[in-house]
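>>> what follows is a predicted protein model with its sequence.
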Amino acid sequence: MAEIDLRPILLDSSLKTADKNLLAELYQYSHFNTSEPNKLPNGVDFCDMVGNVVQSERNPLTGKSFCSERELEKFLSSPTLTAIWLDSFWWIFHERYKPNKEVQNTLFDQISQHYAFLLFRESRSHYEEAILKRLPSLLSKALYTSFCCCFPQSWFNTHEFKSDLCNTMSLWISGICPCPQSYTSWDYSKLDPERFRRQELILQRRLIKGKEMSFLPSKTCSSQKSAQSGKFPCPQSHYACKIPEMTSNRFNTYGKSPLIVYFLHNYVTLPQHGHDVLVVRREQTKTIPDSTLTYADIISLTLSNVNKRRDVLQQLNRLHWREWNYFDEYLKEVQDNFLREMKNIDQREIERKKANHMFIPPSAFIEESPEKESRGLHHRETGLPLRTRKEEEGSQNLNHFPFSLSSSDEFSSLGQESSYEVSDISDFRGHEEDETFIEKGSILP
């Protein structure tokens, strides 16, 4: 029962220790060996680190290195440079995470001896001469890939850490600081392959979901992002601003490498004759902020603004034509209504004229004296009984009149009177017929 209970506890503790050792901040340093270079932690193979540095020196466009890869691998794997590499790794580790001045002084002493031996060696090939000129950059890459592979759970892809590595190696070997942000041209796909593969998987997953991901937090151009991936599709775009002011310092033309100076003061008894030749050297010590836009960023923003303004202009044009079309339709509708109303007015006028032609206009007499018409009607109504009475009276007088007149004068006077009455009757009849005709004419259509 006791054995069964202890195994899970031991397994959990070993897993926790392994997880802690994968972090540089929590790594438990066991023992420091002064007789030989200390190996890399967490069982990392040194030959793999050499391969990473050799592959990172390949030009991403041509695939070639500045020298033969076999010669470069041979030089980096040599005992002298291996000791410099490993001792520098542990010195940086103690400097940043486990400060220990005694151990650091010992490591610096060993590094100075190995570097002096490397320089004072008489026979060197032209490959070694080319490699020595690029030694600060090679050692900076070597230390970066070693920290990334030995402590995969720590984050080293920061400006502060990479600047510290580059400045330390350059000051130790050449005595001057390197160009700021010289690490932007590194091939991180070879120096940190494990983290790069994880980032590629994350990127593929996010691209499937339609999202974008950037490897660098700063607002740099696509060339700097591709520098992280090692593909370099376009040249690096410069910042769209003035460069920082250069600072001047004195530089010894004979060189003042701290490693060589330390070695000469401690291990060489020969007196140093002559004098130093100092020149004023201007170097760039301040860096441009990462938030500064590059020319590529400005071009991209300009094109995006042009596209946005083009879209806005197209929307305004569509709105403008839509409003004009609506206004044209409104004017057309108003015009159609006006023409329709005019047509109706003309039609009513034509119908009124037709109706007027269907009736005979009344006579001027009736229009001028309507009272005479009423009197004529009254006279016509009373005239017929009056004529009838006169005829009856005339017939009676004829019947009762004595035909035995005394003389011919009386007969003639009677004849004249009767003729007068007859003419009056005929005149009345004619006038009555005229009035009857006028009445009929006014009634007829």
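Received it, and whenever you're ready, just let me know what you need.

>>> what's the mean pLDDT across the lengthiest helix in the chain?
Scanning the chain for the longest helix, with DSSP state H as the assignment, gives helix 295-357. For helix 295-357, the mean pLDDT works out to 93.

>>> so residue 23 touches residue 152, yeah?
No. With contact defined as CB atoms under 8 Å, residue 23 does not count as touching residue 152 (9.1 Å). Placement of C-beta: from N, CA and C, glycine included.

>>> tell me, what's touching these two both at once?
The overlap between the contact sets of residue 23 and residue 152 (CB atoms under 8 Å, 6 or more residues apart in numbering) is empty.

>>> packing partners for the helix or strand that contains residue 189?
Residue 189 is part of helix 188-191, with elements assigned from DSSP states H and E. Under the contact definition 3 or more CB pairs under 8 Å, 6 or more residues apart in numbering; DSSP states H and E, helix 188-191 sits against helix 46-56, helix 135-150, helix 222-229.

>>> just name the most buried of the ones you listed.
The highest average neighbour count among those, using mean count of other CB atoms under 10 Å, belongs to helix 135-150 at a mean of 23.

>>> let's test this: mean pLDDT of the helix or strand just after it, rounded?
Following helix 135-150 in sequence order, the next helix or strand is helix 159-173 (DSSP H and E). Averaging pLDDT along helix 159-173 yields 91.

>>> buried ones in helix 159-173?
By neighbour count on 16 or more other CB atoms under 10 Å, the buried set for helix 159-173 is 161-173.

>>> of the residues you listed, which pair is most distant in space?
161 and 173 (19.2 Å; CB to CB).

>>> surely residue 93 touches residue 24?
Yes. Residue 93 sits in contact with residue 24 when judged by CB under 8 Å, with a separation of 7.0 Å.

>>> more crowded one of those two?
residue 93 (24 against 20; other CB atoms under 10 Å).

>>> show me what the helix or strand in which that one is found is packed up against.
Assigned by DSSP H and E, residue 93 belongs to helix 79-96. On a contact count with 3+ CB pairs under 8 Å, 6+ apart, helix 79-96 meets helix 46-56, helix 69-76, helix 101-120, helix 135-150, helix 159-173.

>>> on that earlier part again, what pLDDT, on average, does the helix holding residue 189 get?
Helix 188-191 comes out at a mean pLDDT of 88.

>>> which neighbouring elements make contact with the next helix or strand after that helix?
For helix 188-191, the following helix or strand on the C-terminal side (DSSP H and E) is helix 193-208. Counting contacts by 3+ CB pairs under 8 Å, 6+ apart, helix 193-208 is packed against helix 135-150.

>>> now the helix it packs on against helix 69-76, angle please.
Taking axes from the mean of the first three to the mean of the last three CA atoms, to 10 degrees, one finds helix 135-150 and helix 69-76 inclined to each other by 80 degrees.

>>> what does helix 135-150 contact?
Applying CB under 8 Å, 6+ apart, the external contacts of helix 135-150 come out as 24, 40-42, 44, 48-50, 52-53, 56-57, 76, 84-85, 88-89, 92, 131, 154, 156, 161-162, 165-166, 169-170, 172-174, 178, 182-183, 186, 190-192, 194-195.

>>> go again with 6 Å.
Contact with helix 135-150 is made by 40-42, 44, 49, 52-53, 56, 85, 89, 156, 165-166, 169-170, 173, 191-192, as judged by CB atoms under 6 Å, 6 or more residues apart in numbering.

>>> buried set for stretch 25-45?
Buried residues in stretch 25-45, counted by 16+ other CB under 10 Å: 27, 37, 38, 40, 41, 44.

>>> grab the nearest non-local neighbour of the fourth one.
Here the nearest residue to residue 40 in space, its sequence neighbours aside, is residue 150; by CB to CB, 6 or more residues apart in numbering that works out to 5.4 Å.

>>> distance check, the one you found against residue 137.
From residue 150 across to residue 137, the span is 21 Å (CB to CB, to the nearest Å).

>>> one more: residue 309?
Distance, residue 309 to residue 137, using CB to CB: 46 Å.

>>> same check on residue 332?
To residue 137, residue 332 is 79 Å away according to CB to CB.

>>> which one of the helices and strands packed on helix 79-96 lies nearest to residue 297?
Closest to residue 297 of the helices and strands packed on helix 79-96 is helix 159-173 (CB to CB; 18.7 Å).

>>> using PDB, write out every CA atom in the closest one.
Written as PDB, here are the backbone C-alpha positions of helix 159-173 (Å, rounded to 0.1, in the frame of the first residue of the first chain):
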ATOM      1  CA  HIS A 159      13.700  43.800 -27.700                       C
ATOM      2  CA  GLU A 160      15.300  44.000 -24.200                       C
ATOM      3  CA  PHE A 161      16.700  40.500 -24.200                       C
ATOM      4  CA  LYS A 162      18.000  40.400 -27.800                       C
ATOM      5  CA  SER A 163      19.600  43.900 -27.400                       C
ATOM      6  CA  ASP A 164      21.300  42.700 -24.300                       C
ATOM      7  CA  LEU A 165      22.800  39.700 -26.100                       C
ATOM      8  CA  CYS A 166      24.000  41.700 -29.100                       C
ATOM      9  CA  ASN A 167      25.500  44.500 -27.100                       C
ATOM     10  CA  THR A 168      27.300  42.200 -24.700                       C
ATOM     11  CA  MET A 169      28.900  40.100 -27.400                       C
ATOM     12  CA  SER A 170      29.900  43.000 -29.500                       C
ATOM     13  CA  LEU A 171      31.400  45.000 -26.600                       C
ATOM     14  CA  TRP A 172      33.300  42.000 -25.400                       C
ATOM     15  CA  ILE A 173      34.800  41.200 -28.800                       C
END
